[in-house]
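Undergrad: predicted model, plus sequence, below.
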Amino acid sequence: QVRLVESGGGLVQAGGSLRLSCAASGGTFSTYAMSWFRQAPGKEREFVAAINWGGGTTDYAKSVKGRFTISRDNAKKTVYLQMNSLKPEDTAVYYCAKSNRASIPAGVDEYIYWGQGTQVTVSS
């Protein structure tokens, strides 16, 4: 059974940094693309960043490009999200997700496993 566990969230001041981790267990990790999504109160879940199976291709939402970096360590079965220059609008619950393909999926319906989420709060 695949399990994804996020960690690293917390409270940080605007302009600060956080590094999220998502540890996977069960199933195969290294051959599937992974992503981060987030959901703010009262809003729909939105895409943040994605990385293909080997880490050579990444994709970012416009709102985080240049500030966030997604990476993965297949030996540790972990995906990371380094978040710099955080803004209050980055406040949300952040979820990692595992897709059903090696390349970055085009749609959210291609993500079949989700973590429970970690809260990120950015104060102004």
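TA: That came through, no problem. Numbering: from 1, shown residues only.
Undergrad: all contacts plus neighbour counts: C-alpha atoms, from now on.
TA: Fine.
Undergrad: helix, strand or coil: sort out the residue nearest the centre of the chain for me.
TA: Centroid-nearest residue in the chain, with C-alpha atoms, centre = their mean: residue 36, separated by 2.2 Å. Reduced to three states with DSSP: H, G, I helix; E, B strand; the rest coil, the structure at residue 36 is strand.
Undergrad: give me every residue that touches it.
TA: 47, 48, 49, 50, 81, 94, 95, 96, 97 (C-alpha atoms under 8 Å, 6 or more residues apart in numbering).
Undergrad: also residue 25?
TA: Contacts were defined as C-alpha under 8 Å, 6+ apart; by that measure residue 25 touches 1, 2, 3, 4, 77.
Undergrad: quick one: which of the residues you listed is most hemmed in?
TA: Scoring the contacts of residue 25 on neighbours with other C-alpha atoms under 10 Å, the highest-scoring entry is residue 4 at 22 neighbours.
Undergrad: just the CA atoms of the strand or helix carrying that residue, as CSV, please.
TA: When elements are assigned from DSSP states H and E, residue 4 belongs to strand 3-7. Extracted C-alpha coordinates of strand 3-7, given in CSV (Å, rounded to 0.1, in the frame of the first residue of the first chain):
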residue,chain,number,x,y,z
ARG,A,3,1.6,6.0,1.7
LEU,A,4,2.8,9.6,1.3
VAL,A,5,3.7,11.6,4.4
GLU,A,6,4.5,15.3,4.2
SER,A,7,6.5,17.2,6.8
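Undergrad: rounded mean pLDDT for the helix or strand following that strand, please.
TA: Downstream of strand 3-7, the next assigned helix or strand under DSSP H and E is strand 10-13. Strand 10-13 shows a mean pLDDT of 98.
Undergrad: so the next helix or strand after strand 10-13 versus strand 3-7, what angle?
TA: On the C-terminal side of strand 10-13, the closest following helix or strand by DSSP H and E is strand 18-25. Put simply, strand 18-25 runs at 160 degrees to strand 3-7, going by axes from the mean of the first three to the mean of the last three C-alpha atoms, to 10 degrees.
Undergrad: can you lay out the contacts of residue 25 as a markdown table showing distance to residue 90 and pLDDT?
TA: Formatted as a markdown table, the contacts of residue 25 follow (distance: C-alpha to C-alpha, whole Å; pLDDT from 0 to 100):
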| residue | distance to residue 90 | pLDDT |
| --- | --- | --- |
| 1 | 31 | 89 |
| 2 | 28 | 93 |
| 3 | 25 | 96 |
| 4 | 22 | 98 |
| 77 | 26 | 97 |
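Undergrad: no further questions, thank you.
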